[in-house]
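[1] any chance you can model this:
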Amino acid sequence: MKQNIVNIALVVKDYDEAIDFYVNKLKFELIEDTYQAEQDKRWVVVTPPNSTGTALLLAKASKPEQHAFIGNQAGGRVFLFLNTDDFWRDYEHMKSVGVSFIREPQQQPYGTVAVFEDLYGNRWDLLQLNADHPMANRER
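    Next comes the predicted model:
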């Protein structure tokens, strides 16, 4: 049996500002942006460059109870983990375009890591796993 988590829904305030952040600041690829007339919403999917793993579905909050979760999908904990093949390249780029890092780079037993916030305040780890880490060589 083989299964994959295809998308993770990330609640956003506005499709276009979220696309701008993920595509222009994080260098993600816009995979799909399709209007769904029957539900009056867009299906917006972004993914890290050259990724074959899980993608983000940018889901615009459409009900009052959803608005409370914009920027707080994990209750203040790190929510998503962006692994890279070159930590310092991506860290320097992200800083140069104004991405807010709330925890500076550290070397940990599993690799190099820093915590940043997306445009709404969700916390992310930017990390480069050590070559011997179990997740570093997973088949994608």
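
[2] grab the nearest non-local neighbour of the residue most central in space within the chain.
    Nearest residue to the geometric centre of the chain (C-alpha atoms, centre = their mean): Leu80, 5.9 Å. Using C-beta to C-beta, 6 or more residues apart in numbering and skipping residues adjacent in sequence, the residue nearest Leu80 is Trp124, 4.9 Å away. The C-beta positions use only the backbone N, C-alpha and C, and glycine is treated the same way.

[3] what residues are up against that neighbour?
    Contacts for Trp124 (C-beta atoms under 8 Å, 6 or more residues apart in numbering) come out as 78-82, 115-118.

[4] run through the bridge partners of it.
    For Trp124, the beta-bridge partners under DSSP bridges are Leu80, Phe116.

[5] how close does it get to Ile5?
    17 Å (C-beta to C-beta, to the nearest Å).

[6] next: Lys13.
    Lys13 is 24 Å from Ile5, by C-beta to C-beta.

[7] okay, these two: which has more neighbours?
    Lys13 (13 against 8; other C-beta atoms under 10 Å).

[8] my guess is the more buried one contacts Ala59, does it?
    No: with contacts counted by C-beta atoms under 8 Å, Lys13 stays clear of Ala59, the gap being 10.8 Å.

[9] and the closest residue in space to Leu57 that isn't next to it in sequence, what is it in contact with?
    In this structure, Leu57 finds its nearest non-sequential neighbour in Asn7, 4.2 Å apart by C-beta to C-beta, 6+ apart. Going by C-beta under 8 Å, 6+ apart, Asn7 touches 45, 54-57.

[10] can you lay out these as JSON lines showing secondary structure, pLDDT and neighbour count?
    Listed next are these as JSON lines, based on DSSP: H, G, I helix; E, B strand; the rest coil; pLDDT from 0 to 100; neighbours: other C-beta atoms under 10 Å:
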{"residue": "Val45", "secondary structure": "strand", "pLDDT": "98", "neighbour count": "18"}
{"residue": "Thr54", "secondary structure": "coil", "pLDDT": "94", "neighbour count": "14"}
{"residue": "Ala55", "secondary structure": "strand", "pLDDT": "97", "neighbour count": "19"}
{"residue": "Leu56", "secondary structure": "strand", "pLDDT": "98", "neighbour count": "21"}
{"residue": "Leu57", "secondary structure": "strand", "pLDDT": "98", "neighbour count": "18"}
